[in-house]
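In: Return a 3D structure for these sequence lines:
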Amino acid sequence: MAYVPRGKIVTTYVGPEGKSHFGPISGIEVQPLFDGATVRRITKLPKVPVPNIPWSSDDEHKDLANAGGVTFIEGEMEAHTQTPMHATPSVDLGTIVTGEVVLVLDSGEEMTLKAGDLYIQNATNHAWHNRSDQPVRFTTSLIASTADS
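Out: Next up, the predicted model:
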C-alpha cells in the first residue's frame, strides 16, 4: 500500500517528422519486495550512452547533459515563469517534487505535471511553463544518448 498516491508517468519521443510528442506508457506494475516495500520499474536502459535515441534540435542546451555519462540536477522555477524551448542529447528521467508545471513540446502538445508525477524525455525539444501561483521543484537525471546504434 502506497503512503502517497502514485503520480502519472509521462514519456516523450521525437517523431519521424522531427517534432516531439507524448507517448504511451504501459505494463508498469507495482511489485512487492519485502516487509511491505514495493517498487515500480519505470524504465531500464541497456547502456550509456543510450543508443538509437533520435533527436533534432536547433535549441540544444549544451550545459546540462554530458556526452558519455549521467548528470543529476535539481531545478526550481518561480511562479509564472517559462523556460525557452530546448533539448539535450539525453534520456531524461525526472520527478516533480513540489508544485506543478506544464511540459510544452515543439509539436504544440502540452501536459500538466504535478508533485509525484514522473517523466521520461527521449531527447525531445521542450519548454517548462509554470502557470501556477506557486514555485515548482523537480529533479532530473540526464543520461547521455546517441542517435547511433
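
In: By mean pLDDT, which helix or strand of this structure comes out lowest?
Out: strand 38-39 (a mean of 86; mean pLDDT, DSSP states H and E).

In: Please save the CA atoms from whichever helix or strand comes after it in CSV.
Out: For strand 38-39, the succeeding helix or strand toward the C-terminus, using DSSP states H and E, is strand 70-77. This file holds the C-alpha atoms of strand 70-77, laid out as CSV (Å, rounded to 0.1, in the frame of the first residue of the first chain):
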residue,chain,number,x,y,z
VAL,A,70,24.9,10.9,-16.2
THR,A,71,24.1,14.3,-14.8
PHE,A,72,21.7,14.6,-11.9
ILE,A,73,20.0,18.0,-11.3
GLU,A,74,17.5,19.7,-9.1
GLY,A,75,15.7,22.6,-10.5
GLU,A,76,13.2,25.3,-9.3
MET,A,77,11.0,27.7,-11.2
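
In: how far is strand 70-77 from where the chain is centred?
Out: 11 Å (C-alpha atoms, centre = their mean, to the nearest Å).

In: Do me a favour and average the pLDDT over the next helix or strand after that strand.
Out: Next helix or strand after strand 70-77 toward the C-terminus (DSSP H and E): strand 81-82. The average of the pLDDT scores along strand 81-82 is 98.

In: Show the secondary-structure elements that strand 81-82 is packed against.
Out: strand 126-130 (3 or more C-beta pairs under 8 Å, 6 or more residues apart in numbering; DSSP states H and E). C-beta here means a position set from N, CA and C on the backbone, and glycine is covered the same way.

In: other SSEs contacting the strand it packs on?
Out: Using 3+ C-beta pairs under 8 Å, 6+ apart: strand 126-130 touches strand 81-82, strand 100-105.
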